[in-house]
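S.K.: Take a look and give me a structure for this.
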Amino acid sequence: MKIGIISDHRGYDLKSKIIKEMKNIEFIDYGTNSKESVDYPDYAFKLGKAINNKKVDFGIAICGSGIGMSIACNKVKGIRCARVNSIKDVIITRNDNNANIISFSSEINLKKVKRMIEEFINTPFSNLDRHVRRNNKISEYELKN
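M.R.: Next comes the predicted model:
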């Protein structure tokens, strides 16, 4: 399994620590590569395209709040990005929403972030009829507009 990972300048330090410490995961780093100010949508779009092109299986996005990255990632067709703040958020978004990217704030501590990432990649989509139906409605709307 390959995980795409991105950050803006505010998330760069946390992203670097994640890659360094979570050696059991193959991360593909789509930037940024420094603390120099950047526009986060540029990286969000790269990650979304990488998922759609099957270069990576899932994505991790980090910025100051996690909100901007989430909004930008969700502009890419086929992407379901959820801004998460807890293990419960991660489980629900994988189980119910079949999210393929999670985003979070650069201010969350590394220990918690590592647990959230592990839950994200290990929690399967439930495939319950109600969740499939709801997700399909989102996909159908996205294709029409």
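
S.K.: which element is I19 on?
M.R.: helix 12-21 (DSSP states H and E).

S.K.: Pull the distance from that helix to the chain's centre.
M.R.: Averaging C-alpha positions (CA atoms, centre = their mean, to the nearest Å) puts helix 12-21 15 Å from its chain's average.

S.K.: And stretch 17-37, by the same measure?
M.R.: On the basis of CA atoms, centre = their mean, stretch 17-37 sits 13 Å off its chain's mean C-alpha point.

S.K.: and if you look at stretch 51-65?
M.R.: Counting by CA atoms, centre = their mean, stretch 51-65 comes out at 5 Å from the chain centroid.

S.K.: Can you list the buried residues in it?
M.R.: The neighbour-count check on stretch 51-65 (16 or more other CB atoms under 10 Å) flags I51, V56, F58, G59, I60, A61, I62, C63, G64 as buried. C-beta here means a position set from N, CA and C on the backbone, and glycine is covered the same way.

S.K.: Tell me the span between the first and last residue of it.
M.R.: Distance across stretch 51-65, first residue to last, is 22 Å (CA to CA, to the nearest Å).

S.K.: same check, this time on stretch 9-26
M.R.: Counting by CA to CA, the terminal residues of stretch 9-26 are separated by 22 Å.

S.K.: avg pLDDT for it?
M.R.: Averaging pLDDT along stretch 9-26 gives 98.

S.K.: Run through who's touching that stretch.
M.R.: Counting contacts by CB atoms under 8 Å, 6 or more residues apart in numbering, the residues outside stretch 9-26 that touch it are 1-3, 5-7, 27, 29, 32-38, 60, 62-64, 69, 106, 108, 110, 113-114, 117, 121.

S.K.: repeat that with 7 Å
M.R.: If you take CB atoms under 7 Å, 6 or more residues apart in numbering as the criterion, stretch 9-26 is touched by 1-3, 5, 7, 27, 29, 32, 34-38, 62-64, 106, 110, 113-114, 117.

S.K.: Can you flag the buried ones in those residues?
M.R.: Listed as buried from the contacts of stretch 9-26 are 3, 5, 7, 27, 29, 32, 38, 62-64, 106, 113, 117; burial here means 16+ other CB under 10 Å.

S.K.: So which of the residues you listed sit within strands?
M.R.: Using DSSP state E, the subset of these located in strands is I3, I5, S7, F27, D29, I62, C63.
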